[in-house]
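In: sequence plus the predicted model coming up.
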Amino acid sequence: MRRSRWCAILLALVVVGFWPWTPASAASADLTGGGGLAPGASVTSPNGRYSLQMQTDGNLVVLAPGSRVLFHSWTWGRPGARLDVQTDGNAVVRGSDGRPLWDTGTWGNPGARLALQDDGNLVVYRADGAALWSSGWDRTQLSGNQQLLQGQRITSANGRYSLDMQRDGNLVVYARDGRPLFASGSYGATSLRLQTDGNLVAYRADGSAAWDSGTWREGPTRLAVQDDGNVVLYRADGTAAWRTGWDTGQTAQPASRGTYLPPAGLPVAADTGRSWQVVTVVAPSAGSTTATLTGWEVRGGRWVAVVGPVTASVGSGGVGAASETATRTPAGTFSLTEAFGRAVNPGSPLPYRQIDGNDWWVSDTASPAYNTYARCAPGSCPFREGAGENLWAQGSVYDYAVVIDYNRWPAVPGAGSAFFLHVSNGRPTAGCVATDRATVTTLLRWLTPSAGPLVSIAAR
């Protein structure tokens, strides 16, 4: 009888929320030190309009009505990641191995709490109520004397585009798929302010301007993120004073004040968005197992070859429609967002993971982690290891590799997985792109996240 009573008390504690992890769909909007969100869990703002979700793909997101993304931690592709609100005041997204992937940088503030507000703003508050960090509230425009701080954004009404004041100070327009459409190059800036004279200015901490739109003579303006991806400064009479350029699929070179020069010169008709680094892989025919690889960069309004051209190996089935059972290299244009290797990082600006025998790429079509990286000891993985790829076991071809983001967000089971640009062994691949070791290391040192690097694969 006594045992039953204690079991009932323990159950009651779990039900009323004394458990340190917040379960999915929890009603509270506050997370305090020692708490957090497990994969798949969420909290909702008091008015029910906004939710903070720790997605199962590893990304922490704030969603508005209609599933518009107001904020995310850029940590997708890491299933099993969780959110920890530490007792020192720092909110941290940790991978399944415990390594930090993202944080608010608010350590040294015991008693702080993470709050999701009724305006969609996610805020870290100090114990005395002072705000230490915020994601930015739900809005699509700025008006006179409003500003964005590092880590804040405004989004288009359809949720497909955002204007981000990044932590490095760069002001970037992003499409929902992660493509950068415009970048100011204002590294080191701490805030973006729309002044009452009509000028949009990125300021450094010392008050100096790192970038501006050059519209100080326009008078009162408003800055809008439009549903077509164009960010526009409008005058009081409704005419446009400045714009970044809309998302038309054409590539443009961002200048210091939003003026674009359409580049030309790529050997393929590629939808490169606003990226200014592209690797082209062009095979002479759909059945060819070799191709020409070239790295291109926008310079002076044109695409200029800066790496190669060199010969690369492609799939033994040639280039075309990829799948889990085919050995073709996928045709199309894909982002390049991360890298890995058995060897130490050669100096790549891309996120780089040095692998060992516990690193995998999941190709099990029945697993929710299909076509993602995973880390687990052989024999203990939560997927069919025979349908996965132990990265270390592939040998020297994975001394250096760049992940090709084919079929990743979302991953369609069976459409194909584990496509990389890696070191060649001189033979056709199972679908990857492979070239000589020196070229792969050169690409790794060249590819820069802020450039929105892409790979465009085609057959003539």
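Out: In hand now; what should we look at?

In: low-confidence ranges in the stretch 251-400 of the chain?
Out: For the stretch 251-400 of the chain, the stretches flagged by pLDDT under 70 are 251-264, 273-274, 299-302.

In: show me where it has strands.
Out: Ranges of strands within the stretch 251-400 of the chain are 253-254, 260-261, 277-283, 290-299, 302-313, 319-320, 329-330, 332-335, 339-341, 352-354, 359-361, 373-375, 389-390, based on DSSP state E, counting those that start in this stretch.

In: so of these, which one's packed in deepest?
Out: strand 329-330 (a mean of 28; mean count of other Cβ atoms under 10 Å). Using the backbone N, CA and C atoms, a C-beta is placed for each residue, glycine as well.

In: strands paired with that strand, and their directions?
Out: strand 319-320 (parallel) (DSSP bridges).

In: what are the contacting residues of the strand it pairs with?
Out: 281, 283, 286, 288, 291, 328, 329, 330, 331, 457, 458, 459 (Cβ atoms under 8 Å, 6 or more residues apart in numbering).

In: hmm, 7 Å instead?
Out: 283, 286, 328, 329, 331, 457, 459 (Cβ atoms under 7 Å, 6 or more residues apart in numbering).

In: out of those, which is nearest to residue 196?
Out: Nearest to residue 196 out of these is residue 457 (Cβ to Cβ; 49.1 Å).

In: which element is the closest one on?
Out: Using DSSP states H and E, residue 457 sits in strand 454-459.

In: okay, now the sheet partners of that strand, with direction.
Out: strand 277-283 (parallel), strand 332-335 (antiparallel).

In: hang on, the earlier thing: narrow the contacts of strand 319-320 to just the buried residues.
Out: 283, 328, 329, 331, 457, 459 (16 or more other Cβ atoms under 10 Å).

In: circling back to that earlier point, any idea how far the strand holding residue 457 is from the chain center?
Out: The chain centroid and the centroid of strand 454-459 are separated by 20 Å under Cα atoms, centre = their mean, to the nearest Å.

In: which other residues reach that strand?
Out: 268, 270, 272, 275, 278-283, 285-286, 288, 318-320, 329-336, 404, 421.

In: out of the strands of the stretch 251-400 of the chain, flag the one nearest residue 103.
Out: strand 352-354 (18.3 Å).

In: what helices or strands is the closest one leaning on?
Out: strand 339-341 (3 or more Cβ pairs under 7 Å, 6 or more residues apart in numbering; DSSP states H and E).

In: packing partners of the strand it packs on?
Out: So strand 339-341, by 3+ Cβ pairs under 7 Å, 6+ apart, packs with strand 352-354, strand 401-403.

In: dump those strands into a markdown table; add distance to residue 216 as well.
Out: As requested, those are arranged in a markdown table below (distance: least, Cβ to Cβ, whole Å):
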| stretch | distance to residue 216 |
| --- | --- |
| strand 352-354 | 42 |
| strand 401-403 | 42 |
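
In: tell me which of the ones you listed lies nearest to residue 120.
Out: Judging the helices and strands packed on strand 339-341 by Cβ to Cβ, what sits closest to residue 120 is strand 401-403, at 31.8 Å.

In: which is the succeeding secondary structure element to that closest one?
Out: strand 420-423.

In: tell me the mean pLDDT over that next one?
Out: Taken as a whole, strand 420-423 has a mean pLDDT of 98.

In: residue 326 and residue 455: what is the separation?
Out: Using Cβ to Cβ, to the nearest Å, residue 326 is found at 19 Å from residue 455.

In: more neighbours, the two?
Out: Set residue 326 next to residue 455 and count neighbours by other Cβ atoms under 10 Å: residue 455 wins out with 27 against 17.

In: quick check: nearest residue in space to the more buried one, chain neighbours excluded?
Out: residue 279 (4.5 Å; Cβ to Cβ, 6 or more residues apart in numbering).

In: so what's that neighbour bridging to?
Out: residue 295, residue 455.

In: could you give the bridge partners of residue 152?
Out: Using DSSP bridges, the beta-bridge partners of residue 152 come out as residue 165.

In: any idea how far residue 276 is from residue 348?
Out: Relative to residue 348, and taking Cβ to Cβ, residue 276 is found at 17 Å.

In: what's the answer for residue 238, then?
Out: In terms of Cβ to Cβ, residue 238 sits 46 Å off from residue 348.

In: more neighbours, the two?
Out: Using other Cβ under 10 Å, the more surrounded residue of residue 238 and residue 348 is residue 348, with 21 against 7.

In: from memory that one sits against residue 339, does it?
Out: Yes. The pair residue 348 and residue 339 passes the contact test of Cβ atoms under 7 Å, sitting 5.4 Å apart.

In: what touches both of those two?
Out: With Cβ under 7 Å, 6+ apart, residue 348 and residue 339 have common neighbours residue 444.

In: so residue 38 touches residue 80, yeah?
Out: No. Between residue 38 and residue 80 no contact is recorded; they are 9.6 Å apart, counting by Cβ under 7 Å.

In: can you pick out the residue with more neighbours from the two?
Out: Comparing residue 38 with residue 80 by other Cβ under 10 Å, the one with more neighbours is residue 80, at 19 against 16.

In: do you know how far that one is from residue 373?
Out: For residue 80, the distance to residue 373 - Cβ to Cβ - is 11 Å.

In: what does residue 79 give?
Out: From residue 79 to residue 373 the distance is 9 Å (Cβ to Cβ).

In: distance between stretch 335-343 and the chain's centre?
Out: For stretch 335-343, the distance to the chain centre is 14 Å (Cα atoms, centre = their mean).

In: and it, how far apart are its ends?
Out: Using Cα to Cα, to the nearest Å, one end of stretch 335-343 lies 23 Å from the other.

In: give me the domain ranges for the protein.
Out: As given by automatic domain parsing, the domain ranges for the chain are 23-134, 141-254, 277-459.

In: residue 409 touches residue 76, doesn't it?
Out: Yes. Distance between residue 409 and residue 76: 6.4 Å, which falls inside the contact criterion (Cβ under 7 Å).

In: who has more neighbours, those two?
Out: Using other Cβ under 10 Å, the more surrounded residue of residue 409 and residue 76 is residue 76, with 20 against 14.

In: that one and residue 57 touch, don't they?
Out: Yes. Checked against Cβ under 7 Å, the pair residue 76 and residue 57 is within contact range at 4.7 Å.

In: if we take the buried ones among the contacts of strand 319-320, which one ends up nearest to residue 394?
Out: Using Cβ to Cβ, the buried ones among the contacts of strand 319-320 come closest to residue 394 at residue 329, 16.8 Å.

In: and that closest one, how far is that from residue 431?
Out: 5 Å.

In: can you check which residues contact both of the two?
Out: With Cβ under 7 Å, 6+ apart as the test, residue 329 and residue 431 both reach 315, 322.

In: quick check: closest non-adjacent residue to residue 387.
Out: residue 364 (4.1 Å).

In: ugh, wrong one, residue 44
Out: With Cβ to Cβ, 6+ apart as the criterion, residue 44 has its nearest non-adjacent residue at 5.0 Å, and that residue is residue 51.

In: partners of that neighbour in the sheet?
Out: Going by DSSP bridges, residue 51 forms beta bridges with residue 44, residue 63.
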